[in-house]
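Q: kindly return the folded structure for what I paste below:
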Amino acid sequence: MQLFDVYSLYPIEPVRGAGNFVYDADGTEYLDLYGGHAVISIGHAHPEYVRAVGEQAARLGFYSNSVENSLQRELAERLGRLSGYDDYRLFLCNSGAEANENALKLASFHTGRAKVLAFSKAFHGRTSGAVAATDNPAISAPFNRTPNVEFVPLNDIEAVRAKLATREFAAVLIEGIQGVAGIHCPSDEFLRQLREEATATGTQLVLDEIQSGYGRTGHFFAHQHAGIRPDLITTAKGMGNGFPIGGVLIAPHFEARPGMLGTTFGGNHLACAAAIAVLKVMENERLVENAAAVGEYLLGELRGIPGIREVRGRGLMIGIELDGSGPEFRRRLLFERHVFTGGAGPATVRLLPALSLTRELAGEFLARFRETLG
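A: Take a look at the predicted model:
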């Protein structure tokens, strides 16, 4: 049997990681400014993380959600305290797409409505409901397309008002920062107005913080720059530092009843041990504050480099729009300068490094970036 060929692969295989670096079988060192697509939050093979996961695997790797699991409660308490949402409740699942599916289901249960409002260029996942709310026909099969999802332009509050005024929408779903689209930020004022409109029309505001959350932008969640509180917050990626886990943070006004949500693997013992270790490291090493500081330095330096059309982002979630081909530049940066980055569209390079990135390593990246650009 062969693999189903759906990925465009670089001919490089990382076999080991340490901090902000990965290594191939020949020992070649690569500076990782992509974090495996915003997944590596505390750095590769962090010793506290390795210890926690290994010790849990030796005790108990898995049992079902039909029994008590104190690790789930510890994770919920730590996440609530560090994020500022200790009055919310947590539903644990396996991925970002699954988190979005469950958030939209909760909004529909709560309101009795069926429709979802999403935004142009949005990306929310590849499962049925999540891909229906994703503005990319290329990854949406006929089965996924539904009249229950409508799209409006990002930062257009008048378009939002016109849609929500019908009071047909269960939820409005928005990314804290649009990632796959190329790092496009909703303005703080737009998010505040969106919160007001959702409240006025009984629509549930869902913040997809799967890529933009977990400290990446210098706040625990990107929407906190605007000072708002959503009804539902979805998270994944950096939550497990590579171990698959996702979650929905649920405001107090939602009613829980047995059987309305469920999962086999969500919140399993190994996943919770990994996620608790991530939060401990983030707190002890002040990684949210580090992301803010190093991100500010990177953004400032990048905006002064000739040959860059635009730099967008917050903290360590950065989009660099080039004058030329983004994919070709990224290939040269990888093979000539040994730096991993991400892409978005024809001209944008995405930076999503671990939050442990130091100013010194950021400077090393800038030097290699300038050499490749020049």
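
Q: what lies in contact with the host helix or strand of I320?
A: Following DSSP states H and E, one finds I320 within strand 317-322. With contact meaning CB atoms under 8 Å, 6 or more residues apart in numbering, strand 317-322 is reached by 38, 177, 179, 182-184, 211-212, 216-217, 222, 295, 298-299, 302, 307-313, 329, 344, 347-352, 373. All C-beta atoms are positioned from the backbone trio N, CA, C, and that covers glycine.

Q: ChimeraX command for the buried members of the residues you listed?
A: Here is the ChimeraX command that picks out the buried ones among the contacts of strand 317-322, judged by 16 or more other CB atoms under 10 Å:
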select :38,177,179,182,183,184,211,212,216,217,222,295,298,299,302,308,311,312,313,329,344,347,348,349,350,351,352,373
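
Q: and N100, which helix or strand is it part of?
A: helix 96-111.

Q: before we move on, the earlier item: out of the contacts of strand 317-322, which are inside helices?
A: Members of the contacts of strand 317-322 lying in helices (criterion: DSSP state H): 38, 295, 298-299, 302, 329, 373.

Q: show me what counts as buried in stretch 166-174.
A: Buried residues in stretch 166-174, counting neighbours by 16+ other CB under 10 Å, are found at 168-174.

Q: element containing V116, please.
A: Element membership for V116, per DSSP H and E: strand 115-119.

Q: dump the next helix or strand after that strand to CSV, restricted to CA.
A: The helix or strand immediately downstream of strand 115-119 is helix 128-132, counting by DSSP H and E. Only the C-alpha atoms of helix 128-132 are listed here, as CSV (Å, rounded to 0.1, in the frame of the first residue of the first chain):
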residue,chain,number,x,y,z
SER,A,128,-17.8,19.0,7.2
GLY,A,129,-19.1,22.1,9.1
ALA,A,130,-15.6,23.6,9.4
VAL,A,131,-14.9,23.5,5.7
ALA,A,132,-18.4,24.8,4.9
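
Q: okay, now the sheet partners of the next helix-or-strand element following helix 128-132, with direction.
A: Per DSSP H and E, helix 128-132 leads on to strand 149-152 as the next helix or strand towards the C-terminus. Using DSSP bridges, the strands paired with strand 149-152 in its sheet are strand 115-119 (parallel).

Q: look up how far R337 lies from the residue nearest the centre of the chain.
A: Centroid-nearest residue in the chain, with CA atoms, centre = their mean: Q211, separated by 1.3 Å. Using CB to CB, to the nearest Å, Q211 is found at 25 Å from R337.

Q: ok, A251 next?
A: Counting by CB to CB - A251 and R337 are separated by 46 Å.

Q: circling back: could the ones in helices among the contacts of strand 317-322 go into a markdown table alongside pLDDT and distance to V116?
A: Listed next are the ones in helices among the contacts of strand 317-322 as a markdown table, based on pLDDT from 0 to 100; distance: CB to CB, whole Å:
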| residue | pLDDT | distance to V116 |
| --- | --- | --- |
| A38 | 97 | 24 |
| G295 | 98 | 31 |
| L298 | 98 | 34 |
| L299 | 98 | 32 |
| L302 | 97 | 35 |
| F329 | 96 | 36 |
| L373 | 92 | 41 |
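
Q: out of those residues, which two sit at the greatest distance?
A: A38 and L373 (23.4 Å; CB to CB).

Q: what are the structural domain limits within the protein?
A: 14-47+286-373, 48-284 (automatic domain parsing).

Q: centre of the chain to the last one, how far?
A: Between the mean C-alpha location of domain 48-284 and the chain-wide mean there is a distance of 9 Å, by CA atoms, centre = their mean, to the nearest Å.

Q: kindly report the same for stretch 19-32.
A: The answer for stretch 19-32 is 24 Å, by CA atoms, centre = their mean.

Q: gap between the two ends of it?
A: One end of stretch 19-32 sits 9 Å from the other (CA to CA, to the nearest Å).

Q: flag every buried residue along that stretch.
A: 19-22, 30-32.

Q: hmm, back to that, need the domains of the chain in TSV (columns: distance to S8).
A: Shown next, in TSV, are the domains of the chain (distance: least, CB to CB, whole Å):
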stretch	distance to S8
domain 14-47+286-373	9
domain 48-284	14
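
Q: of all those, which one comes closest to F4?
A: Once these are compared by CB to CB, domain 48-284 is nearest, at 13.8 Å.

Q: what about that closest one, average pLDDT?
A: For domain 48-284, mean pLDDT is 97.
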